[in-house]
Each structure stands twice: as structure tokens, then as C-alpha cells.
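# could you look at this predicted model? Sequence included:
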Amino acid sequence: MCGIFGVMDKRRQMMDGSGIREALSMMNERGSGEGAGYVAYGIYPDYRDCYALHVFFDNACENKAIVDATLEQWGSIECDEAIPTCDQLNLKVNCTPWRYFFKPDASLAPGSASPEKDVVTNLVMQINACANGAEIVSSGKNVGLFKASGWPEDVADYYRIQDYEGYIWLAHNRYATSNPELWERPDPFNLHDWSVVENGKTTTYGANRRYVESFGYNCSTGTDSEVIAYLIDLLTRKHGLDINLAIRALAPPYWDEIDRMPEAEQNLNRALRFAYGSATMNGPFTVVAANPDMMVGFTDRGKLRPMVVGECGDRLYIASEETAIRAMEPKVESITRPAAGEPVIGRVAP
Amino acid sequence: MAKQVTIDAKGVHYTPLNQQIRKAVEDGVDEIVVDNVLGQRFIGNGLRGNATIRVNGVAGGDLAMFMSGPTVIVSGNAEHAPGNTMDSGKVVIHGSAGDAVAHSMRGGKVFVRGDIGYRGGIHMKQYETQRPILVVGGSAQTFLGEYMAGGLLLVLGLDGAMKAREIGSGIHGGEIVIRGDVDEACLAAGAKKLPLTDEDRARIAPVIQEFAADFGLDAEPLVKADYTRIVPASARPFAGKYTWE
Amino acid sequence: MNSNFGSMPLRYRISIDREQCMECGRCVENCPYGVFRWDGERILINSRNCTACHRCLTYCPRDAIMLQEHPCDYRSHPVWTRGVRESIYNQARTGKIILAGMGSVANLPIIFDHLMLDACQVTTPPTDPLREPVELRTYLGKKPSKLEFTQKPNGDVELSTELTPNLMLETPIMLGHMSYGALSLNAHVAMARAAKETGTFMGTGEGGLHPGLYPYQDRMIVQIASGRFGVNVDYLERGAAIELKLGQGAKPGIGGHLPGEKVSADVSKTRMIPQGSDAISPAPHHDIYGIEDLPQLVNSVKEATERKKPIFAKIAAVNNNAENVAAVARSGVDAIAIDGFRGGTGAAPRVFRDHVGIPIEVAIATADRELRNQGLRNEVSLIACGSIRESADVIKAIALGADAVYIGTAALVAMGCRVCGNCYQGLCSWGIATQRPDLVARLDPDVASNQVANLIRAWTLEITELMGAAGINSIESLRGNRDRLRGYMLDEGLLEILDVKSVGA
């Protein structure tokens, strides 16, 4: 469902949120005014070594105490504060957005190749699974996610996203079908490194969810993008697939296409479908995902949802509609519409 | 003397924009120039008459849907499904267009200079004197001419190789003509390849000439080029699937 | 290639009481399926061709013809039923998908029959519809959630909220969408006249609008289906409302094919396709692949008709129905028709007909509840369809949350249809589901329209009485009023879903 937008600067030049707000609101015809969200990489340089946890509290009193205590068990809180917001007439506030800058205790995940991320993953699963009035909505280093129920402009102004500067931004304009009042429901979805926005709705949510949950993830929001974020984290961080192969596992070629491939490639693709049949996403979708080093976009193999890619200098854009890109970059140099099975992968210069 | 008006679409929602266009047509304007278009949908939607509408910018989805008569010329790209369920008239797009171009079009012409997305010409159909024509200057994507029931779909491939696979899936009427050869593996179930006869060439030549004239191209080499013609293998592509209780 | 199955047991056996028979030959004339033929002096019978359409029985002046279903028994078996075995024989012979006519034959409980209606006794008086007004007038379309007023200088208050177009029905019963092509022109004309006479509306189905129906166009809801047959701006402008067909209860998730032999010269004109060509309706609308495309189509139709007409959408009742309805309600449509899995059809794959979808009772109840929860109930009207059989079904559907209903099969039965389920053969002996001129001529539109109008009038009277007994004198007071229903032998889970209490409560 919905309209999505992503922009990345290959040389980490910062963009404030105002252009992204403009771009996303160009696609208001794709939304229903009941959800929008933004996620940005590079916004917390002062705390670049901390995991920035954005949390929605039902109330900042008892719910916060639970999270404080849990975080203290698993590491140390460097700083925490309410996320600055500015009331909007059309936005019904039903939670308190808070942020922690947190250092996980790596010794609590012995034997792990990425102990800090394991600790953060466990924390997110633990807190989000319980009915404790707290929902962690983002948990990455130097990353922050801002979302709410409302039109993109109101959500942007509520969080004052023009005050943040990031080198990758993803944004999402929601067409709600259920629980329009829940602020955690709209995309983007984030788990430490990875953030995901989706335009579409998979027909495999149940199968994909059961698959990732068998690896210890816990899906608490019922949204595709949550499952997709976990799938990408699992496939890239835990199973060691590079992003190309991970996308291929999620949106594999048809058997007919595989049958026509040279033998080695055929074996590889068959093996991917054997191993990751339960991770394969079906139905209409365009996904844009990002981590601190890259932004990727891919569609379902039948290409049932639009994906427009724009390039201009160091900037890479991916959006549901060309007009969103032009709203932010009127002089965009190239506009393309990549085929299904041709993921767009933009990497940030090291 | 031809009557002309100019409308500035900057920041204007499509409903008031379409009202202005509709009013201009009612007032007998021959040429309506719409400047600063940025994604407004439904331009020329359900419009009758024979006015020309010049869209300067990027046209939003369902351009000229249900349109019956006018000509729409877009300087830039068009989004999803221009020419959707169009009855007659002409759409000329100087850029490229998104998926489902000319969906269910029954008559008139859609000319796209650049590329089109997936499912171009899906379920185009013809009736009596109405025969829709979709011409693509660049390339088309997969599922080209899916469910096609009538009309002509012509892909000139001016900018490189054709990308479409699964061409003519479920086609049961009309013809798809593609410049150059088309690999048999790119045809979908229900479609078959035929060589272009002289008669076929004579039939498509005026279409190519009109397209070339609209975009300032040299028609001669295109008329003379090699083409592959794709037609239905059967008028009943699904008849063999069913039995009665 | 032959099979080793030989002759299958007869489905029906026709017999003639030769003592009664006066050999008038009316059965021979009336049967389009070739059951009867003259052999010199004698009428011979081929029961294998019989569809149980009853045409011969109806026209036999001596009641000499008798029909027996399943005259030959199989060994009875609770698992390997007759139906299961016969399907296997069929598919073993052909290797194909089995198509069948009419709605679901799955032997599943019917929830309507387990819902009991309320009546006033001691605490409140019943209303007597003979002397007191009972209003059935129904408006379909968006209603404002809140009104805005301006005060004029003289102190008068003036409404400043603008009402969007609504359809006004004298009774909450409409005639559902069945296309011209599937049905004959006479059947369409009969229903259109009945709609006009009874102050209600009729759906065109996806076959376009025949010029013979133009006199009734202000009573027609024109449909846009995935095949876009017969759809142009003229068609859209003629309808009183426009319905986007997104799904059908009898076969959710798939399209339909009108075979070329049914595309006669007239059908070809109306659908705007060449005579004799297959009319293939794809499964999805190919310009709707995601929910955000639906408002695009809705707005496109609204822009083309200058926002003067209500737009309906019809969906099949399936899993997550409430979520689907809420999504459609946000698209800008004015009414949503929900089609339950028992809905009728000319032809549907048997496996879809009997296994896909959910009952209309549940779909309406969950839709109404979800729309209220999400504050969307006034955005759309809800129309229940798919196996509305009698006036009690109508009133129960409304109490579960519908604004109105569509009837389909019931209207056909009112014209003589015997529910034989052979619509697909195109040989309907009653002149309803056929294009063969001699058969179509059997259906007199004057007579048939009167029968359909009578049915609507009779149900309307019954609904009035039932409402009066419940002390309700306006239909909107019944809408979603589940307190006036009780569930009889429904399980707890289902009662909760329906938001209905058990009998005794």
C-alpha cells in the first residue's frame, strides 16, 4: 500500500528533512492521511557510537521506568530525552516519543559475531513483545525514525524533521486499512542498521513471519515492513548473504528463468529457492531499504508496483512516482523504471 | 482563427485543473496549454471534442482515461496508465510512460517516444471502426500486450534492445509488431510469431509515418525495417482449461 | 481418447405417464435440451439431456411428465460422496477445471437461518403498519459525519455542509448486477421495469447498457468490471450510479469468460467487441494492483463524470473482510457491495464456488463493526448480496449492518428460473439466461417485470410488518441494530464475530 520515497547522497553530504517532506507530500493521493513516517541516517553525529533508540511510550511515567530498567540491565544509557515535537492541529497525539542513546554490553552476547546488534535485537524483541506501553521504533547507530498517524506534512512538522540532517532518508505515505490510530503502524520500520519502507502488500506475510520468528525475531506490529527488516537482517547479518543475494532470496526469479541460466548460476538460484522458500515474498510490493552504507530498491518479480529511480550528481532517488523526485530535485538528470529482478543498489562512499 | 488559452497548473489540484480544461473546451478553445504540470492525474479525463491540450511537465496517472476525441501532447513523461479505457483521440508523450499504458483502450492513438513499463497495451480491444493503436519509440517491458483483444501495438526499439518477455500472454485479438526479431522464448502462451507481409507493411506504414512526423524522425528507414508480427495462436486462449460439471 | 467409464449413472430420469399423455408434443417444443423427440407416433425420451428446468412439466396439459433426481444409487459413502466421485470421473476423463452454474452447493450451515428476529411485547408497543408510517426509504451514498452551519445576519441558521449525491430507494431491495450477455435482453428489460415501478435500482453487470434499457437508465447502476466491456464516457453518464466490480462472491479472486458463441450481434454492440469473440474479464483490474490504485480509479471515474454520481464498489467476502472494507471505504467510493460466498453466477469453477470466501452474514457484521470502529461508517453505505432468499434475510442483513441488499437469483426465480444451474449452456428454456431468439421470446417482459415487481412488493410488505412488530418505524433504526437479533445454535465464537447474543439472552 501507499507511496514511498528514498534518497541517498553517495558522498554523505547532508540533506535536511524539508525536501523529503515536500517529496512525500507530492504523493498524498497515495495515502489516506492516517500515517506517515521518515527515517534518516547520520542525524546524531554527537552520539555516533551509541544506538539511538526511538521509543513510543503510552505514558512517560510507568512505561518509561520499565524500559529504563531493561536498558540498564543490558548496557548503559548515555543520555535520554523526549524527542522534540511541535503540536499540530490535525495530529492526535496518543503517545510520547522518547529517545535514548544507548551502549549495549557486548559481553552479554558471548560468541556472537555482532554482539552489540544481538543485544539490541533482543532488547527490541523483548520490549515490543510485551504489553508494557512501550514500543521501540528505531534502534540504530546515528539513525532516527519519526512516524505518526497523519498526513506527511503534519508528521514532518510535528517532529520538525527540517531540523535534522541526514545522508540517507526514507519516507512513507500510508494508506491505512486497519488501526489508523496506532503510531507504530506506518512504515518505515527499523531494526538497528536496517530501515524499510514498502509500497504494496505481500501475500506471504504469514509464511514470512513464521519463518523469521523461528530465528528468534518477534513480529509485533503485523506489518510487512517489520518482517522485511528482520528478513534482511537475518539474511545479511546472520546468514552472511550479500545484499544482492539476499534480495534474490526474497524476490527470486521464476523457475523458467532459472532453467535458462548457465549451470553454475542455475545451481545457485535453485539453492537460494530451496533454502529460502519460506522467506520468499509474493504479491505486489516495491521495497526500499537502507542501512548506514547503502540504499536498495526492488520489486516483486511480476512488477506489480511502480518504482521510479532518479539520479542527479551524488544523489540517488527511489520513489513510487516521478513527481516526488522532481519535487525535491527539479533538475533531476536521469529517470528510469528498473525491471523486476533488477534491484537498485546505491552504496555510500566509504 | 484558432482560439488558445494557457493555464498555469503550478500547485493546482487536478479537480480544479480539469474543471478549467473542461470549461475551455466548452468555450470552444482549440488549443489549451497547461504549464507547470507536476503529476496532476486524470488530465483530459472523459473529455469530448477535438481540442488540443499541451501538457508541459510530467503528467500524472490515468492521463486521458475515457477520453473521446481530443489530442493531448505531453512534453515530459507520463505516470501510470495513460490512454486507459480511451475511446478516441490521440495522446502523444515525448518522454516515457509507466506501467499499463493504453490499458483496455478501445480506440484512438497513444504515441510514446521513449519507453513504456510493464503490461503495455494490456487488454486493448477493437470494435467496428474503432481500432486502438499504441506506438512505442523505445522499449517495452514484460507482459506486453497481455490479454490483447484487438488493435495494433507497435514497438520501434529506437533506443536499443527490446526488454519485454511474456509477450502477448492470453492474446486473443489484434496484432503486436516489433522491430527486429523476437526470440521465441519471449512469447507467452497463446501468442505466435509471423513474418511481416508486404500487406502488413503497407498497413503499418502510415502509422509509422505519423509517429515519425510527431517526433521529427525520419520515417523512411523505419518503414523499411524488419519487423516481427505477433498474433493470437487462437481466438479462445482459455477454452481448453475447462470442463462442465 | 476414450475413457473406460462408459455411461455414467443418470442425473435425472424423465418419465411419461403414457395413459395421461395425449401426445400433444408441447414437451418436444418446449425442451431446448433435446430430451424429447418424435419417433413417428411416439414421443421418445433421452433423460441424459435433462437439466431439471421443469419447462416440460410446466407446459404438459395433463401433468403426465415426472422427473426423478438420481434415479440410480451409488453405494452410499459419507466420505466418497456422489459429487466427489463424479468429479473424479470427469477430471480423469478430461484433465480440466470443472465449471458449474449457479451458486455454492456446499452443504454448510446457513447463518441467516440461525438468527431469530425480535418483536415487541410488554415493555414497548409494536407499531401497526396499517395505520402508522413505517419508513423503508433508503439513501445510498456518503453521509456527513458532522454538519457545519453559518448564521445569517437575520439570525437564521443555514446549512453550509454540502451533501454529496445519494441514490434514493423506496425499499432497501435492489436488483444485483447480472450482465446482458449472461442474461437475455427480455430478462434485463423486465428487471429494469420492475426497478422503476418499485422505486429501486438495478445493476447492469459488466455487459454494457443495451439501448433497449436507455428508457430506464435513471434506474440503472452501470458497472465497470476488469474487462471494461461497453465502458465509455457515454455509458458512465447514463447510469444513476457507477459500480466498480472488484470481486464476486461465487468466485473470489478470478475473472470470467463470456464465450464467443454468446456474443451475438446485439451483445457485441453493447459490450463493444466483435461478434463471436470471447469476452475475457481478467481477475484483477489491471490498473489496480495495490490499494492506493483504487482511489485513483474511483477519482478517475469521478473526474470523468464531474463528481455528479455516486460510485459503488463491489467486493467478494473473504478473509480480512473488515480490513478490505475499511480500505475501500477510504478510496472515496460512496457505497460498498459485499458479495458472500453463496452468491450466484452463470458459471464458476466448482472448486472456487464451494471452497473460497466467507458467508455474507459474517462479512456484513464485521464490515459494519470495523467501519464504526474506524469512524468511517458514514463514508459509505453497505450493500449485502450473495444468497438473499427471502424478506427475513433482508431484514437480518440490515440488522447486521447493511443499508440495503442486492438480489440476483431470487429475481431470476421470480421470472421462472428453476435454479437448474445450466445457465452456461445458453439454452435457458425460460428465456432468461440465453441469447437464442426463439428462447428469449418465451420471456414476456411485461409479465416477467410484474412478477419481479410483485416479489419486491411482497418482501417490502413483509419487512414493514416485521419492523412494525419490532416497534421500528424507520429502516435506519434497524441498521446495525443487532440487539434485535438472537443467535440460535450458533457457537460462541461466531456470536462474538456477529456481535449477536444467544437466544435466551
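Nice, I can see it. These figures come from a predicted structure and were not determined experimentally. Residues are numbered from 1 along each chain as shown, chains lettered A, B, ... in the order given.
# for the residue in the stretch 351-500 of chain C that chain B sits nearest to, give its distance to chain A.
Nearest residue of the stretch 351-500 of chain C to chain B (C-beta to the nearest C-beta) works out as C:Tyr424 at 6.7 Å. Every residue, glycine included, has its C-beta placed from N, CA and C. Going from C:Tyr424 to chain A by C-beta to the nearest C-beta, to the nearest Å gives 30 Å.
# show me which residues of chain A are close to chain B?
Neighbours of chain B within chain A, by C-beta under 8 Å from any C-beta of the partner chain: A:26, A:29, A:260, A:303, A:306, A:308, A:321-324, A:326-327, A:335, A:337, A:339-340.
# try it again at 7 Å.
Contact residues (C-beta under 7 Å from any C-beta of the partner chain) of chain A with chain B: A:26, A:29, A:303, A:306, A:321-323, A:326-327, A:335, A:337, A:339.
# pLDDT weak spots in chain B?
B:1 (pLDDT under 70).
# ok and the residue in the stretch 351-500 of chain C nearest chain A?
Closest point on the stretch 351-500 of chain C to chain A, by C-beta to the nearest C-beta, is C:Gln374, at 6.0 Å.
# could you do chain B as well?
For chain B, C-beta to the nearest C-beta, closest residue to chain A: B:Gly39, 2.9 Å.
# neighbours of C:Gly34, just the number please.
C:Gly34 has 12 neighbours, counted by other C-beta atoms under 10 Å in any protein chain shown.
# separation between it and C:Cys27?
According to C-beta to C-beta, to the nearest Å, C:Gly34 stands 11 Å off from C:Cys27.
# got the residues of chain C near chain A?
C:289-292, C:295-296, C:323, C:326-327, C:330, C:374.
# now do 8 Å
So chain C meets chain A at C:289-292, C:295-296, C:299, C:322-324, C:326-327, C:330, C:370, C:374 (C-beta under 8 Å from any C-beta).
# please list the members of those residues that lie in helices.
Taking DSSP state H, the ones among the residues of chain C next to chain A that sit in helices are C:295-296, C:299, C:322-324, C:326-327, C:370.
# contacts only, for the one residue in the stretch 1-150 of chain A that gets nearest to chain B.
Per C-beta to the nearest C-beta, A:Met26 is where the stretch 1-150 of chain A lies closest to chain B, at 6.1 Å. Residues in contact with A:Met26 (C-beta atoms under 8 Å, 6 or more residues apart in numbering or on different chains) are A:321, A:323-324, A:327, B:38-39.
# would you list those in JSON lines and tack on distance to C:Gln435 and secondary structure?
Output for these, formatted as JSON lines (distance: C-beta to C-beta, whole Å; DSSP: H, G, I helix; E, B strand; the rest coil):
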{"residue": "A:Glu321", "distance to C:Gln435": "45", "secondary structure": "coil"}
{"residue": "A:Thr323", "distance to C:Gln435": "47", "secondary structure": "helix"}
{"residue": "A:Ala324", "distance to C:Gln435": "50", "secondary structure": "helix"}
{"residue": "A:Ala327", "distance to C:Gln435": "53", "secondary structure": "helix"}
{"residue": "B:Leu38", "distance to C:Gln435": "49", "secondary structure": "strand"}
{"residue": "B:Gly39", "distance to C:Gln435": "45", "secondary structure": "coil"}
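# re earlier: buried subset of the residues of chain A next to chain B, written for PyMOL?
To isolate the buried members of those in PyMOL, using 16 or more other C-beta atoms under 10 Å in any protein chain shown:
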select buried, chain A and resi 26+29+303+306+321+322+323+326+327+335+337+339
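# okay if I get the residues of chain A next to chain B as CSV plus secondary structure, distance to A:Ser278 and pLDDT?
Formatted as CSV, the residues of chain A next to chain B follow (DSSP: H, G, I helix; E, B strand; the rest coil; distance: C-beta to C-beta, whole Å; pLDDT from 0 to 100):
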residue, secondary structure, distance to A:Ser278, pLDDT
A:Met26, coil, 37, 94
A:Glu29, helix, 35, 92
A:Lys303, coil, 23, 91
A:Pro306, coil, 27, 94
A:Glu321, coil, 33, 95
A:Glu322, helix, 35, 96
A:Thr323, helix, 37, 95
A:Arg326, helix, 39, 96
A:Ala327, helix, 39, 95
A:Ile335, strand, 36, 95
A:Arg337, coil, 30, 94
A:Ala339, coil, 25, 92
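# about what we covered before: tell me how many other residues crowd the residue of the stretch 351-500 of chain C closest to chain B.
C:Tyr424 has 22 neighbours, counted by other C-beta under 10 Å.
# measure the spatially closest residue to it that is not a sequence neighbour to C:Gly207 for me?
Leaving out its chain neighbours, the residue that sits closest to C:Tyr424 by C-beta to C-beta, 6 or more residues apart in numbering or on different chains is C:Ala347, at 4.1 Å. Distance, C:Ala347 to C:Gly207, by C-beta to C-beta: 14 Å.
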